[in-house]
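In: Sequence and predicted structure are below.
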Number of protein chains: 2
Amino acid sequence: MTAPILRMSKLYAPTLKESPNDAEIASHKLLLRAGMMRKTASGVYTFLPLGYKVLAKVEAIVREEMDAIGAQEIMMPALQPAELWHESGRWNDYGPELMRLCDRHDHDFCLGPTHEELITSLVRNELRSYKQLPLSLYQIQVKFRDEIRPRFGLLRSREFIMKDAYSFHATQESLQETYDDMSRAYGNICDRCGLDYRPVEADSGQIGGKVTTEFMALAPAGEAELVHCSCGYAANTEAGECICHPTLYKNEGLEKIATPNVHTIEELAEFLSIPESSTVKALSGKSDDGRLVVMFVPGDHELNEIKASRAAGGFTLLTDGEMEAFGLHKGSMGPVGLPEGAYVIADRALEAVPAWVVGANEDGYHYVGAALGRDFTVDQWADLSVVKPGDMCPDCGLPLQGARGIEVSQVFQLGTKYSESMGATFMDEDGKEKPFIMGCYGVGVSRTVAAIVEQHSDEGGIAWPMSVAPAHVCVIPLSQDDTVMSTAEKIASQLADLDLEVVIDDRKERPGVKFADADLIGWPLQVVVGKRGLENGTIEVKLRRTGEKRDVPLSTLVELMSFARRQAKANKSGVGTFDVLFAS
Amino acid sequence: MTAPILRMSKLYAPTLKESPNDAEIASHKLLLRAGMMRKTASGVYTFLPLGYKVLAKVEAIVREEMDAIGAQEIMMPALQPAELWHESGRWNDYGPELMRLCDRHDHDFCLGPTHEELITSLVRNELRSYKQLPLSLYQIQVKFRDEIRPRFGLLRSREFIMKDAYSFHATQESLQETYDDMSRAYGNICDRCGLDYRPVEADSGQIGGKVTTEFMALAPAGEAELVHCSCGYAANTEAGECICHPTLYKNEGLEKIATPNVHTIEELAEFLSIPESSTVKALSGKSDDGRLVVMFVPGDHELNEIKASRAAGGFTLLTDGEMEAFGLHKGSMGPVGLPEGAYVIADRALEAVPAWVVGANEDGYHYVGAALGRDFTVDQWADLSVVKPGDMCPDCGLPLQGARGIEVSQVFQLGTKYSESMGATFMDEDGKEKPFIMGCYGVGVSRTVAAIVEQHSDEGGIAWPMSVAPAHVCVIPLSQDDTVMSTAEKIASQLADLDLEVVIDDRKERPGVKFADADLIGWPLQVVVGKRGLENGTIEVKLRRTGEKRDVPLSTLVELMSFARRQAKANKSGVGTFDVLFAS
């Protein structure tokens, strides 16, 4: 069915010349300026007609990809009874991000930030046999998270649209299959939305589970730090494996040198005129069982607290007072002469460094040439460092590149965390009652809209990929002249007949206003109809993405567009659909 | 695009043999039993895959009808800041049905039961000129209402799906046009959902405004009482005009008769052996300005409190103590000898009755033949009675029929209630700042699903209209026999190629289980493939709606179905699409 032609004169799309003060990043500014959304409260937005069209297109893409892998759509409520969250233990664990309320009978509810509890309770009495497994259910629905500092528009908001899916399995292999299907679907979703993205190794945080991948849209405005490689490897720096090569400075015997006023690695490297990678950084802390643990990482790296905690069985940095009580010297800690009973864990990269430049456990002194085995020992080697650009790719060995990313989606292997705590079991083939093995999978639908704008915009506004554009082509008559208007209307309806979504800027506005709005709103192609061009039998087409313009004979426009449309079938996101119009 | 064939073996549709105890009406029972929804908390439901498919189809119908009249889809948040509700005055007025919560910074919010405040604040700074009017915006979204006694499943729930639309106008004429468009669209929505409905005159309640029509799906389970006429007229008894003909008993002079132990109209009619319609009922109350008002209605009718209040300028019934203080006698009040200053309003139907049978203002006595003008006077005539079946249709004069209805949608003319209280104005053609004239329009989307089930179900289960069925045809192989299964699969894919939505019951279940589930779930047509039939070259088709069965030659099935499909184009809801298969 041919979509009706949109008319700018009727469309509620109030564009703004200036960005509101609190908008810091492109997507936030431009979605407001282009009249696509408005703020209702801090972190709470209304989608106006054009923004809603984009959102609905992203939703449709997500739905298609979910249906294609056999996931079944459902709709769970936003209101969730507190009892379920008590069962999983998250009523207390989740903290103030969970929005809570009481009903008129004083029953506690929360507004779902995620639905693991609800879905587990939904199936636990009805999904009974291994024969019914695997099962994947999903929904596209509003979610609530009371962010302490909502900002960046749709990137970190308090009410937002998510697709969340949950899968139930009898075996780990079955979970892995669905996890792989979901990962592929998530890649397709990013591709079809025109996103430059990386699937990255990540940490699973509050949701629980072990294996997880985040899909990161690369963007300077992203809140996540990543490393990635041309071979395809990518990781969140919070989670990525660190493979680095600290450099040996000297191995000529243990040398204690006075380092007055040297407290940091930077100062130490400068004092000795050596690179930071030739030094070793020490951090002291306590494990969960109260043991003193001292950790060493290459001087040019930071300690990754998640890895530290995993290696030591919990790791809380000592306070200054605690360090003093242990006789440790902040700014000059080292492995030589540590207090009795201190457990030493060092980054495995340091195992290859025979002699370290490191603190002397004495204020104002460091060691050079402290030799592993001779001067000190290490109790445990582990990957402890935060990976950073320049470290080696664990897959191919090339140096990693750095980037920032917007987490648009994430897949998790939950295992039995929720099924065990909530008693959700099935009867397996062997006649035994077992807890479901579960996976969960989320796409930030409204956040994806923001990520698309971060990647597809410039100073003039947005440049939507075809796949999610509120309409494909904007026909712009330059005047109210009869011939101009009737030609523009005719072109609009011819293009609509090609199954293109067409908008016509039929407002009585100056050409400058129409051009600015078309660039700001970001229709992929503009077709400009002016009196002068018509006298020569031409109209102008402008590709929003590149800004290229070209005069096209009126007689061949429709044919060219039809050709472009057919060409585009191969391209998932439709970016580049109209490029053929500009081929010489 | 051909929809993929659903497989019962994979589908998550846990059917139940028994209804849960708290389910009282057909839609509640059957949506649960057919595995279409599950209760999450009191009045809070999860839609399972089949229920979600129906919901999505109803949503799509609503969306198409809204788009067709030029309404633009948006999405407002569920979280609404309290400030906006303070502006309109409804933060206090709305009462405990409004679900309220605090965010982590102690700001008050509510969960939107409706969005007048939000939409008014959305446009008030950006919709500035009469040139931008009229404008209609709508959304399909989750709503919250903390019902004191949620019940009847989707009919009265606390979290539900609504389509709400709002329109802004410069003139009353423009509002009327959109109101008429919306009313027509609402009629189409009901038609396309296969609902037997009546647009009825209604009272506008809490939303405000004056002109309003409710769209009532007729069903015994409905909570609203209606009267309707074969001419098309219908009204909520709360709002409908009452035209009735009280009967004259005697006009032979004022006669005071002892009526010991007569306190009610029923007793009076019995005592005198006359119909209740020959008696006159009296009610005493106070208007808002404290005046004593006595009202008279025909004995066989009830006083309509809304009409009473409108006629008298507020009308609060007197307590027994107040009646005593005024010297009024409960059970024998009448117009003759009322206290000084009492203001008398009588139902206009009584104007045609020259002499009344009515209380004598003395315990144990009534008057017969109390003559209007001679024995008493009436200060004001008004329509005061609750209309009831048997009263005259105000449009055509035929006797009205009674019915119960489910309010599936409602249209309101709000006027300037919200635009004035919230300062939402525009610049009119004459250069003057004026408040918008507004309309609002709601469709209970999830409630519509329930209403459809109330009208399209029997003891065996649901019988969905084609337009909203989770799938059109269920192919049921009666055994796992190779020929049976392969024929069933072939038929399923041939029917899918006809653009029919097909489900195949490929479970290893007994035929009885498959038949019962197919009837319960309510696929419009069942195609039964059995070994015996195949030996004769036939399969059986069963029309769910009527239960009719017929053997059809395998060779002509697809052709017949294709014919049925084409025939169906004319029928909005698709009910009856397959009847042609059963034409002799």
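Out: In hand now; what should we look at?
In: from here on, contacts and neighbour counts on C-alpha atoms
Out: OK.
In: Dihedrals phi and psi, the residue nearest the centre of chain A?
Out: Residue closest to the mean C-alpha point of chain A, counted by CA atoms, centre = their mean, is A:Glu407 at 0.8 Å. With angles defined as degrees, to the nearest 10, A:Glu407 sits at phi -70, psi 110.
In: Just give the closest residue to it, not the sequence neighbours.
Out: A:Met216 (4.5 Å; CA to CA, 6 or more residues apart in numbering or on different chains).
In: can you pull the buried residues of the helix or strand A:Asp180 falls within?
Out: Using DSSP states H and E, A:Asp180 falls within helix A:172-192. Going by neighbour count (16 or more other CA atoms under 10 Å in any protein chain shown), the buried part of helix A:172-192 is A:174-175, A:178-179, A:181-183, A:185-192.
In: what's the answer for stretch A:324-340, then?
Out: Neighbour-count burial for stretch A:324-340 [16+ other CA under 10 Å]: A:328-336, A:338.
In: Make a markdown table out of the residues you listed and add secondary structure, pLDDT and distance to chain B.
Out: Shown next, in a markdown table, are those (DSSP: H, G, I helix; E, B strand; the rest coil; pLDDT from 0 to 100; distance: CA to the nearest CA, whole Å):
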| residue | secondary structure | pLDDT | distance to chain B |
| --- | --- | --- | --- |
| A:Leu328 | coil | 93 | 40 |
| A:His329 | coil | 91 | 41 |
| A:Lys330 | coil | 88 | 38 |
| A:Gly331 | coil | 86 | 39 |
| A:Ser332 | coil | 91 | 42 |
| A:Met333 | coil | 95 | 41 |
| A:Gly334 | coil | 95 | 44 |
| A:Pro335 | coil | 96 | 45 |
| A:Val336 | coil | 95 | 49 |
| A:Leu338 | coil | 93 | 45 |
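In: Now these in TSV, please, with extra columns for distance to B:Pro553.
Out: Converted to TSV, the buried residues of stretch A:324-340 look like this (distance: CA to CA, whole Å):
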residue	distance to B:Pro553
A:Leu328	92
A:His329	93
A:Lys330	91
A:Gly331	91
A:Ser332	92
A:Met333	90
A:Gly334	90
A:Pro335	89
A:Val336	93
A:Leu338	91
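In: Return the member of these nearest to B:Thr46.
Out: Relative to B:Thr46, the closest of those is A:Lys330; by CA to CA it sits at 56.7 Å.
In: Buried ones in the lowest-mean-pLDDT helix or strand in chain A, by neighbour count?
Out: When the helices and strands of chain A are compared on mean pLDDT, DSSP states H and E, helix A:554-567 comes out lowest with a mean of 85. Neighbour counts over helix A:554-567 (16+ other CA under 10 Å) mark A:554, A:557-558, A:560-562, A:564-565, A:567 as buried.
In: Going by distance to chain B, which of the residues you listed wins?
Out: A:Arg565 (18.4 Å; CA to the nearest CA).
In: For A:Arg145, list the residues it contacts.
Out: Neighbouring residues of A:Arg145 by CA atoms under 8 Å, 6 or more residues apart in numbering or on different chains: A:97-99, A:112-113, A:157-159.
In: Apply 6 Å and report the result again.
Out: By CA atoms under 6 Å, 6 or more residues apart in numbering or on different chains, the residues touching A:Arg145 are A:97-98, A:113, A:158.
In: Identify the farthest-apart pair in these.
Out: Greatest spatial distance in the contacts of A:Arg145: A:Leu98 and A:Arg158, 10.2 Å, computed using CA to CA.
In: of those two, who's got more company?
Out: Legend: neighbour count by other CA atoms under 10 Å in any protein chain shown for A:Leu98 and A:Arg158, higher for A:Arg158 (26 against 22).
In: Surely the more buried one and A:Gly43 touch.
Out: Yes. Using CA atoms under 6 Å, A:Arg158 is in contact with A:Gly43, at 4.9 Å.
In: low pLDDT regions in chain A?
Out: Where chain A drops to pLDDT under 70, the residues are A:1, A:203-210, A:568-571, A:583-584.
In: tell me the domain boundaries of it?
Out: Under automatic domain parsing, the residue ranges defining each domain of chain A are A:36-196+A:415-454, A:255-382, A:459-582.
In: closest to B:Val453 out of those?
Out: From the domains of chain A, taking CA to CA, the stretch that ends up closest is domain A:36-196+A:415-454, at 19.0 Å.
In: Check the spacing between the residue nearest to A:Glu407 and B:Ala217 real quick.
Out: Per CA to CA, to the nearest Å, A:Met216 is found 49 Å from B:Ala217.
In: Show me which positions of the strand or helix carrying A:Ala308 end up buried.
Out: Per DSSP H and E, A:Ala308 falls inside helix A:305-312. With burial defined by 16+ other CA under 10 Å, the residues of helix A:305-312 counted as buried are A:305-309, A:311-312.
In: Could you list every helix and strand in contact with it?
Out: Judged by 3 or more CA pairs under 6 Å, 6 or more residues apart in numbering or on different chains; DSSP states H and E, helix A:305-312 is in contact with no other helix or strand.
In: contacts for that helix?
Out: Helix A:305-312 is contacted from outside by A:287, A:315, A:384, using CA under 6 Å, 6+ apart.
In: what's near enough to touch A:Cys242?
Out: Taking CA under 6 Å, 6+ apart as the test, what A:Cys242 contacts is A:Val387.
In: Is it in a helix, a strand, or coil?
Out: Secondary structure, DSSP: H, G, I helix; E, B strand; the rest coil: A:Cys242 is coil.
In: quick one: the strands in the stretch 301-450 of chain A?
Out: For the stretch 301-450 of chain A, applying DSSP state E, counting those that start in this stretch gives strands covering A:316-317, A:343-347, A:355-362, A:365-371, A:380-382, A:401-415, A:425-427, A:433-435, A:437-444.
In: need those strands in TSV with distance to B:Tyr365, can you?
Out: Shown next, in TSV, are the strands of the stretch 301-450 of chain A (distance: least, CA to CA, whole Å):
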stretch	distance to B:Tyr365
strand A:316-317	92
strand A:343-347	104
strand A:355-362	111
strand A:365-371	115
strand A:380-382	103
strand A:401-415	81
strand A:425-427	75
strand A:433-435	78
strand A:437-444	77
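In: just to revisit the earlier point, the residue nearest to A:Glu407 touches A:Leu195, doesn't it?
Out: No. With contact defined as CA under 6 Å, A:Met216 does not count as touching A:Leu195 (9.1 Å).
In: distance between stretch A:282-296 and the chain's centre?
Out: With CA atoms, centre = their mean, to the nearest Å as the basis, stretch A:282-296 stands 32 Å off its chain's centre.
In: how long is it from one end to the other?
Out: With CA to CA as the measure, stretch A:282-296 spans 5 Å from end to end.
In: can you list the residues of chain A near chain B?
Out: Contact residues (CA under 6 Å from any CA of the partner chain) of chain A with chain B: A:46-49, A:52, A:72-77, A:101.
In: possible to save these as CSV with secondary structure and neighbour count?
Out: Output for these, formatted as CSV (DSSP: H, G, I helix; E, B strand; the rest coil; neighbours: other CA atoms under 10 Å in any protein chain shown):
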residue, secondary structure, neighbour count
A:Thr46, strand, 22
A:Phe47, strand, 24
A:Leu48, coil, 26
A:Pro49, helix, 24
A:Tyr52, helix, 22
A:Gln72, strand, 23
A:Glu73, strand, 25
A:Ile74, coil, 23
A:Met75, strand, 19
A:Met76, coil, 26
A:Pro77, coil, 22
A:Leu101, strand, 22
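In: Which pair in these has the greatest spatial separation?
Out: Most distant of these, by CA to CA, are A:Pro49 and A:Leu101, 31.0 Å apart.
In: Tally up the residues packed near A:Gly290, please.
Out: A:Gly290 has 11 neighbours, counted by other CA under 10 Å.
In: Chain B versus that one, what's the distance?
Out: 34 Å (CA to the nearest CA, to the nearest Å).
In: coming back round to it: higher neighbour count, A:Met216 and A:Leu195?
Out: Each of A:Met216 and A:Leu195 has its neighbours counted (other CA under 10 Å); A:Met216 has more, 28 against 25.
In: who touches the helix or strand that contains that one?
Out: Counting by DSSP H and E, the element that carries A:Met216 is strand A:212-218. With CA under 6 Å, 6+ apart as the test, strand A:212-218 has contacts from A:196-202, A:404-412.
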